[in-house]
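Novice: A structural model of the following input is requested.
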Amino acid sequence: MLEEFARPPGAAPLKFDVLMSLRSATSALHTRLDARLPIARADASLHDYVAHLRVLRPWLLGLREALAGHGPALDAVARHVDAKLADLEQDLAQAGDAGPADVPVATGRRAGDSETPGFAWGLAYVVEGSQLGGAVLHRRLRERLAPHALRYLAGSEEKVAARWRDFVHRLRRTVVDESGLRQAQHGAVAGFEDLVRRFGL
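Specialist: All right, here's what the predicted structure looks like:
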């Protein structure tokens, strides 16, 4: 049964749960990434972690550019991406691989997408959700890759979970019609497809 979220008085009932809709739209891509990323293997090495970060860096830079300017909630996500990029750079420096950043490439956008808040919310769904996966990877890798700090993945699971709950609350209050949902689905799929391409999967 679909949940009913906060709606303006007299508004028609929602016919979708945006979170479930985005999960459904990206499920196959998410599964492909989880199953095939080298960093997710049981024998993942520091070399795999560095390679992972070097792929993520231009992806995150492109997302940060796409998220900014779509209102306070997405600006906050963009600032969080900035903080994660800073962690990423420190990790690369600690591993002795702090070369120049790759040029960011737009993340699967069609003409006009960069001006569509719904598309940006879809991208935000991917990057915020990736932090949940990061917490799982950190738990799995922190002893194997010690003494590397794994700053990009680190963060208490309680804090990551609380941030995710807050994001989902804002997502559900913002994407409230079929048009916004379609835009968000396109953004989420584009974010995952870009990662799949960048990792050569």
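Novice: what's the longest helix in the protein?
Specialist: Identified as the longest helix of the chain according to DSSP state H is helix 117-141.
Novice: which residues does residue 182 contact?
Specialist: residue 118 (Cβ atoms under 8 Å, 6 or more residues apart in numbering). In this view, the C-beta of every residue, glycine as well, is placed from N, C-alpha and C.
Novice: and what of residue 82?
Specialist: residue 64.
Novice: check residue 135 too.
Specialist: Neighbour list for residue 135: 153, 155, 157, 160 [criterion: Cβ under 8 Å, 6+ apart].
Novice: with adjacent residues omitted, what lies nearest to the third one?
Specialist: Nearest residue to residue 157 in three dimensions, chain neighbours excluded: residue 135, at 4.9 Å (Cβ to Cβ, 6 or more residues apart in numbering).
Novice: next: the second one.
Specialist: When the adjacent residues along the chain are set aside, residue 155 lies closest to residue 135, with 6.4 Å between them (Cβ to Cβ, 6+ apart).
Novice: nearest residue to the middle of this protein?
Specialist: residue 127 (1.1 Å; Cα atoms, centre = their mean).
Novice: wait, that residue touches residue 74, no?
Specialist: No: using Cβ atoms under 8 Å, residue 127 is not in contact with residue 74, being 10.6 Å away.
Novice: pull up the overlap in contacts between those two.
Specialist: residue 67.
Novice: would you map the helices across this protein?
Specialist: 18-36, 46-67, 72-94, 117-141, 157-174, 178-198.
Novice: now the angle from the third one to helix 157-174?
Specialist: For the pair helix 72-94 and helix 157-174, the angle between their directions (axes from the mean of the first three to the mean of the last three Cα atoms, to 10 degrees) equals 150 degrees.
Novice: also the second one?
Specialist: For helix 46-67 and helix 157-174, the angle between their directions (the same axes, to 10 degrees) works out to 30 degrees.
Novice: please save the CA atoms from helix 46-67 in PDB.
Specialist: Provided in PDB are the C-alpha atoms of helix 46-67 (Å, rounded to 0.1, in the frame of the first residue of the first chain):
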ATOM      1  CA  LEU A  46      44.400  -0.500  -1.600                       C
ATOM      2  CA  HIS A  47      45.100  -0.400  -5.400                       C
ATOM      3  CA  ASP A  48      41.400  -1.200  -6.000                       C
ATOM      4  CA  TYR A  49      40.400   1.500  -3.600                       C
ATOM      5  CA  VAL A  50      42.500   4.100  -5.200                       C
ATOM      6  CA  ALA A  51      41.200   3.100  -8.700                       C
ATOM      7  CA  HIS A  52      37.700   3.400  -7.300                       C
ATOM      8  CA  LEU A  53      38.200   6.900  -6.000                       C
ATOM      9  CA  ARG A  54      39.800   8.000  -9.300                       C
ATOM     10  CA  VAL A  55      36.700   6.900 -11.100                       C
ATOM     11  CA  LEU A  56      34.400   8.500  -8.600                       C
ATOM     12  CA  ARG A  57      36.200  11.900  -8.500                       C
ATOM     13  CA  PRO A  58      35.000  13.200 -12.000                       C
ATOM     14  CA  TRP A  59      31.600  11.700 -11.400                       C
ATOM     15  CA  LEU A  60      31.100  13.500  -8.200                       C
ATOM     16  CA  LEU A  61      32.400  16.800  -9.700                       C
ATOM     17  CA  GLY A  62      29.800  16.500 -12.400                       C
ATOM     18  CA  LEU A  63      27.100  15.700  -9.900                       C
ATOM     19  CA  ARG A  64      28.100  18.600  -7.700                       C
ATOM     20  CA  GLU A  65      27.700  21.000 -10.700                       C
ATOM     21  CA  ALA A  66      24.300  19.500 -11.600                       C
ATOM     22  CA  LEU A  67      22.900  19.800  -8.100                       C
END
